[in-house]
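Colleague: Take a look and give me a structure for this.
(2 chains)
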Amino acid sequence: MLTTDRVAGGALVLLALFTLWESRRLPLGSLRQPGPAGAPVVLALVLLGLGAVLVLTGRRAAALSGVGFPEWRHAVAILAVCAFAALALERLGYRATVTLALACLLGVVERKGIVFTAVFSLALALASFLLFDTLLRVPLPRGPLGL
Amino acid sequence: MAETLGNLAVGFGVALSPPVLFYAFVGCVVGTLVGVLPGVGPLAGISLLLPATFGLDATRAIVMLAGIYYGAMYGGSTTSILMRIPGEAASVMTCIDGYAMARKGRAGAALAIAAVGSYVAGTVSVVALMLLAPPLAAFALRFGPPEYFALLTLGLLVLAYMSSGSMLRALAMAALGLLFGMIGIDQMTGYFRFAYGIVELGDGIGVVPVAVGLFGLAEILATAGQPTPTEIVKPRLRELLPSRQEWRESAWPIGRGTVLGFLIGIVPGSAHIIASFVSYAVERKLAKRPEEFGRGAVAGVAGPESANNSATSGAFVPMLALGVPSGPIPAVMLAALMVHGVSPGPLLVTQQPELFWGFIASMYVGNVVLLILNLPLVGVFVNLLRVPYPILYPSILVFCILGVYAVNSSVVDIWIMLVMGALGYVLRKLDFETAPIVLGVVLAPMLEMALRQSLAMSDGRYAIFVARPISGVLLAGAAALVLLGLRPLVTRTLDWRARLALAAKGEEHP
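Modeller: Just a heads-up that it's a prediction; the model follows:
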């Protein structure tokens, strides 16, 4: 039966194997004088062991089928907005990016009215820029149009 | 003692200067907001506001960030008592009896007891911090790389052991965090590790995007889309004074919570969370009428609230004296100090006495500010909860993106936050704790450096770790913890951590 421990343990085993594979590019060194790959390899082996134990002893953990993801649509939308912010922040500037990101979340995901969405998005973008960039002197990107 | 008082006078000179006082006040207000608002815990709050301290000197910055930390502990009780929603994880236990008191018309008294208990615990524990940190720092001057390696190993194992739930899971998360901490330039040889050509990863993946992702973004992902609770019990100002009977019932729980909280705070782990759980269990065990717990027992509010505030000061002891964070929040504070060019550790007390003692004194001042803020302004803070969550979470998300970007002016950090947020969301669903990942990321470079320096000192002989008395004792403690952690696997019984996890979910164990 698939349980939470078995799924997580399996994922950790895969990550450990990936790390071991990737570590081959770095000098391993010796036990007495570990190289740059020494610590990652040891940690990957530890993770491999712990992941394997989780898989083997995970029978009594909660069943994966019992784990609900009712909010997955919201989660995907929020992650997509974060990805948009990462891509757009230095290209469009802080104020434009945040206005668009908020408009998307409020208008599209939460279905708020157009006027409220536009006013709130713009106000928060401008106010947070004023607070951090202008008052607290934390430099934020302005984008090609100075936005 | 006279020297300590003299140093404290210097500290008060710093803490009571108008600029420092102002930033302590700002930290306390922001911290209270962070504690009140569900979805922004102290860890994410401190991480997000770290860039706002860049223009400040180290003393003002650390005073403000510490204010956020203990302000969040105060603020978390408000939503727990009035709405049965813990503003942050340490307030989970306050929900049970605090909300029950509110339903009985004693919301004001519950808030007052929580605030006074927090104040007493906060102030007394700062005295303990003040007395304990300097001698510990003096002792730590004897530490070399083997001792630090042993101490960090012990710290990670204690964190795993103290985590609620399975030690195996916590160890797996700590190993995962350590592995994440390997990303970046190898400090001894200059090799790029797992960076895949991304120059920004040279300095590692950074504690701020990891913390904001795992705690801030993951919380938003898990809670967005849920309906906003509407029922809020709003107390009137004249109801704030507890009765004589309620004061009597809260006195000992506050005292016990203070001592327990401070001791648990020193030990690595999610100190303030564990402290409130342990305090609640102790109070129920000692109660003459344990059946009242869950139905509005005063001790069920006074004990946990005092314990989680006291643990906050306790957690600063290893951070300030040894330069070793005991949990994810001190780890972010440590990173914040380093950003400001301060290296916490045994030499901090002697080399930067104004910062150290100013910080200690500011905690006294901060506790007074919080007491003054929390009671009369409770109505103002509660009104914040009327903002619908579908509007609140996009705003919090903006501050997550802004805070993470501003640390290094790098969009790579936003990608790291995104990945960590998704990972944290899935791990929450699978019932894995994410705090060991944050600590692992911070400790990985320190641990590896200490190991390799030790081996260089001993010409590659591992015996150096057991031959030196301090590191030998610390490693023996680590081995004992591993054996203790393995016991439930062998005996197939539930140990105290598993029972704690069940209690947190409101389940009884068979």
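Colleague: tell me the secondary structure for the residue of chain A most remote from its centre?
Modeller: Distance from the centre of chain A peaks at A:R32, with 37.1 Å (CA atoms, centre = their mean). When classified by DSSP: H, G, I helix; E, B strand; the rest coil, A:R32 comes out as coil.
Colleague: Please name the residues that touch residue 110.
Modeller: Since you didn't name a chain, this refers to chain A. Each residue near A:E110 by CB atoms under 8 Å, 6 or more residues apart in numbering or on different chains is listed here: B:390-391, B:394. To be clear about C-beta, it is placed using only N, CA and C from the backbone, and glycine gets the same treatment.
Colleague: oops, chain B please
Modeller: B:A110 makes contact with B:81, B:97-98, B:101-102, B:301, according to CB under 8 Å, 6+ apart.
Colleague: Likewise for B:M93?
Modeller: B:276-277, B:279-280, B:300, B:304.
Colleague: what do you get if the cut-off is 10 Å, keeping everything else the same?
Modeller: B:M93 makes contact with B:80, B:86, B:273, B:275-281, B:283, B:300-301, B:303-305, B:307-308, B:503-504 under the criterion CB atoms under 10 Å, 6 or more residues apart in numbering or on different chains.
Colleague: before we move on, the earlier item: with secondary structure and pLDDT added, can I get the contacts of B:A110 in CSV?
Modeller: CSV is the format used below for these (DSSP: H, G, I helix; E, B strand; the rest coil; pLDDT from 0 to 100):
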residue, secondary structure, pLDDT
B:I81, helix, 82
B:D97, helix, 87
B:G98, helix, 86
B:M101, helix, 87
B:A102, helix, 82
B:V301, helix, 91
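Colleague: show me where chain A has helices.
Modeller: A:4-23, A:38-57, A:72-92, A:94-103, A:114-129 (DSSP state H).
Colleague: is the shortest one anywhere near chain B?
Modeller: Pointing back at helix A:94-103 there. Yes: shown here: helix A:94-103 in contact with chain B (CB under 10 Å from any CB of the partner chain) through A:94, A:97-99, A:101-103.
Colleague: Read off the pLDDT value for B:L217.
Modeller: Looking at B:L217, its pLDDT reads 89.
Colleague: Run a quick check on it versus B:T434, I expect a contact.
Modeller: No: taking contacts as CB atoms under 10 Å, B:L217 lies outside contact range of B:T434: 11.3 Å.
Colleague: Comparing those two, which residue is more hemmed in?
Modeller: Neighbour comparison, B:L217 and B:T434: the larger count goes to B:L217, with 31 against 23 (by other CB atoms under 10 Å in any protein chain shown).
Colleague: contacting residues for that one?
Modeller: A:75, A:78-79, A:82, B:39, B:44, B:209, B:396-397, B:400-401, B:404, B:417-425.
Colleague: Could you find the closest non-adjacent residue to it?
Modeller: B:G421 (3.0 Å; CB to CB, 6 or more residues apart in numbering or on different chains).
Colleague: A:L92 now?
Modeller: A:G143 (4.7 Å).
Colleague: re the thing from before, filter the contacts of A:E110 down to the ones in helices?
Modeller: Among the contacts of A:E110, the residues falling in helices (DSSP H) are B:390-391, B:394.
Colleague: Closest one to B:P346 out of the contacts of A:E110, please.
Modeller: Lowest distance from B:P346 to the contacts of A:E110 (CB to CB) belongs to B:P394, with 44.8 Å.
Colleague: That closest one - how many residues pack around it?
Modeller: Look at B:P394: counted by other CB under 10 Å, it has 27 neighbours.
Colleague: just checking, B:F215 touches B:V34?
Modeller: No: shown here, B:F215 and B:V34 do not form a contact pair, counting by CB under 10 Å, at 11.4 Å.
Colleague: Name all residues that make contact with the closest residue in space to A:C82 that isn't next to it in sequence.
Modeller: Leaving aside its chain neighbours, A:C82 sits nearest to B:L418 (4.6 Å; criterion: CB to CB, 6+ apart). Residues in contact with B:L418 (CB under 10 Å, 6+ apart) are A:78-83, A:85-86, B:209, B:213, B:217, B:400-401, B:404.
Colleague: Dump the helix or strand where B:L418 lies to CSV, keeping only the CA atoms.
Modeller: Assigned by DSSP states H and E, B:L418 falls within helix B:411-429. The C-alpha coordinates for helix B:411-429 follow below in CSV (Å, rounded to 0.1, in the frame of the first residue of the first chain):
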residue,chain,number,x,y,z
VAL,B,411,15.5,36.6,-9.1
VAL,B,412,17.2,33.3,-8.5
ASP,B,413,16.2,33.6,-4.9
ILE,B,414,12.5,33.9,-6.0
TRP,B,415,12.9,30.6,-7.9
ILE,B,416,14.5,29.0,-4.8
MET,B,417,11.5,30.3,-2.8
LEU,B,418,9.1,28.9,-5.3
VAL,B,419,10.7,25.4,-5.3
MET,B,420,10.9,25.4,-1.5
GLY,B,421,7.3,26.6,-1.2
ALA,B,422,6.2,23.7,-3.4
LEU,B,423,8.4,21.3,-1.4
GLY,B,424,7.1,22.6,1.9
TYR,B,425,3.5,22.3,0.7
VAL,B,426,4.0,18.6,-0.3
LEU,B,427,5.9,17.9,2.9
ARG,B,428,3.1,19.4,5.0
LYS,B,429,0.6,17.2,3.3
